[in-house]
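Trainee: This is a predicted model, with the sequence first.
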Amino acid sequence: MSFTTVRLGEQGVELLDQRLLPHEERYIVLKTAEEVARAIEEMVVRGAPAIGIAAAMGMAIELARASDAKLAETLTQVGARLRATRPTAVNLSWALERMEGELRSLLAAGAEPDAVREAARTLAQRLHDEDVASCRAIGDVGAPLVPERSIVLTHCNAGGLATAGYGTALGVIRSAAREGRVRDVLVSETRPFLQGSRLTAWELSRDRIPVTLITDSMAGSLMRLGQVDLVVVGADRIAANGDVANKIGTYALAVLAQAHGLPFYVAAPLSTIDFETACGDEIPIEQRAPEEVLHFAGQSIAPEGVKALHPAFDVTPAELVSAVVTERGLVRPPYGPGLARLRNR
Ligand code: MRU
């Protein structure tokens with residue numbers, strides 16, 4: 001992979017500005033947690049694992065700025081602000097909880113302020129490195145699910161741009177492609193933010209993996225014509241029973257895959273599994289601004305005054321999911337016991 005999604009530099013949190021892709025590769029440096037929070041809200045950085053890591057790094061840079069007396073207070077305030085940025089991806093609160101847990105223990109044990117600041121940087125970097133390792137392991141676990149000469153359909157961007165590197169769904173695709181088993185990757189454009197056309201097509205073409213762009217509405221017909229072999233997507237949150245929240249449009253693809261007898265795989269690290277949430281109905285779904293639906297590339301595409309809906313995610317019931325691919329192995333139905341076993345492994 002020839003780009004860096006998120007990095008903890010000397011000057012601050014460095015992000016590849018994903019709003020500008022595929023036309024421009026520009027890195028920006030954020031110096032406060034508030035700047036990181038806005039970057040997450042405005043989709044400079046997006047994708048469940050990537051926003052968790054950016055938030056952890058945002059916390060580290062804010063602790064570096066805070067006075068000795070304000071470390072504990074900063075931890076609480078910054079954690080609350082970063083958590084509120086996007087509600088659906090559980091990786092965000094997962095990463096912040098890991099930071100807060102470790103740093104609070106250090107403060108309670110009377111650690112020197114500078115030792116706490118240093119520990120925050122080290123842990124944020126560790127979360128980054130662990131995510132890359134998880135994605136590579138997901139690739140290894142998932143690649144054998146891709147038969148020879150497959151046409152794989154993916155939705156949104158669950159790639160290196162959505163993680164610390166390599167990707168989840170795109171991790172599976174990258175590993176299968178390296179083994180020569182991918183004939184083509186169909187990428188649905190993913191209205192309205194176009195993560196498929198702008199980001200996934202960019203990533204795959206840079207890696208010289210064959211890619212063909214489709215509009216979201218083409219998937220069913222292509223499946224009926226026998227031009228799709230399997231579907232692989234990422235996830236923002238997987239409930240304890242295996243229900244999956246992911247980018248809006250994922251549920252429709254799962255229904256279509258089942259109707260056409262095609263496997264539908266979800267690739268995600270354990271940090272995406274929310275054992276506290278029993279089922280998909282309990283997952284909070286982010287509602288984004290209607291303007292993102294009513295406009296395209298800065299142009300209005302609907303009559304003045306027309307309303308629009310914009311749920312950014314949907315929930316795919318576990319019964320439509322053929323398998324969940326994690327860094328610790330593959331889980332098949334029934335997901336409740338299968339996911340719980342992974343957690344304890
Ligand atoms: O709104 P986004 O772009 O953050 O949505 C991203 C997705 O839905 C991804 O599929 C998901 O976060 C998995 S990323 C490995």
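Mentor: Yep, that arrived. Residues are numbered from 1 along each chain as shown.
Trainee: Can you report phi and psi for the residue of the stretch 101-250 of the chain found nearest the ligand?
Mentor: Closest to the ligand within the stretch 101-250 of the chain is G234: 2.9 Å, counting by Cβ to the nearest ligand atom. For the C-beta atoms, the positions are set from N, CA and C on the backbone; glycine is no exception. Note on G234: its backbone torsions stand at phi -100, psi -160 [degrees, to the nearest 10].
Trainee: same deal with D274?
Mentor: Torsion angles, degrees, to the nearest 10, at D274: phi -110, psi 100.
Trainee: Go ahead and confirm it touches N241.
Mentor: No. D274 lies out of contact with N241 (Cβ atoms under 8 Å); the separation is 10.6 Å.
Trainee: on that earlier part again, tell me how many other residues crowd the nearest residue to the residue of the stretch 101-250 of the chain closest to the ligand once chain neighbours are set aside.
Mentor: Spatial nearest neighbour of G234, chain neighbours left out: A158 (2.6 Å); criterion: Cβ to Cβ, 6 or more residues apart in numbering. Neighbourhood size, A158 [other Cβ atoms under 10 Å]: 34.
Trainee: In a strand, A158, correct?
Mentor: No. Counting by DSSP: H, G, I helix; E, B strand; the rest coil, A158 falls outside a strand, being coil.
Trainee: Contacts only, for it.
Mentor: G47, G167, T168, A169, L170, V233, G234, A235, A267 (Cβ atoms under 8 Å, 6 or more residues apart in numbering).
Trainee: Need those residues in a markdown table (columns: neighbour count, pLDDT and secondary structure).
Mentor: Formatted as a markdown table, the contacts of A158 follow (neighbours: other Cβ atoms under 10 Å; pLDDT from 0 to 100; DSSP: H, G, I helix; E, B strand; the rest coil):
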| residue | neighbour count | pLDDT | secondary structure |
| --- | --- | --- | --- |
| G47 | 31 | 98 | coil |
| G167 | 33 | 98 | coil |
| T168 | 33 | 98 | coil |
| A169 | 31 | 98 | helix |
| L170 | 34 | 98 | helix |
| V233 | 27 | 99 | strand |
| G234 | 32 | 98 | coil |
| A235 | 29 | 98 | coil |
| A267 | 30 | 98 | strand |
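Trainee: Check those residues against R288 and report the nearest one.
Mentor: Set against R288, the nearest of those by Cβ to Cβ is G47 (15.0 Å).
Trainee: In this structure R224 contacts H260, no?
Mentor: Yes. Contact criterion Cβ under 8 Å: R224 and H260 qualify, at 6.5 Å.
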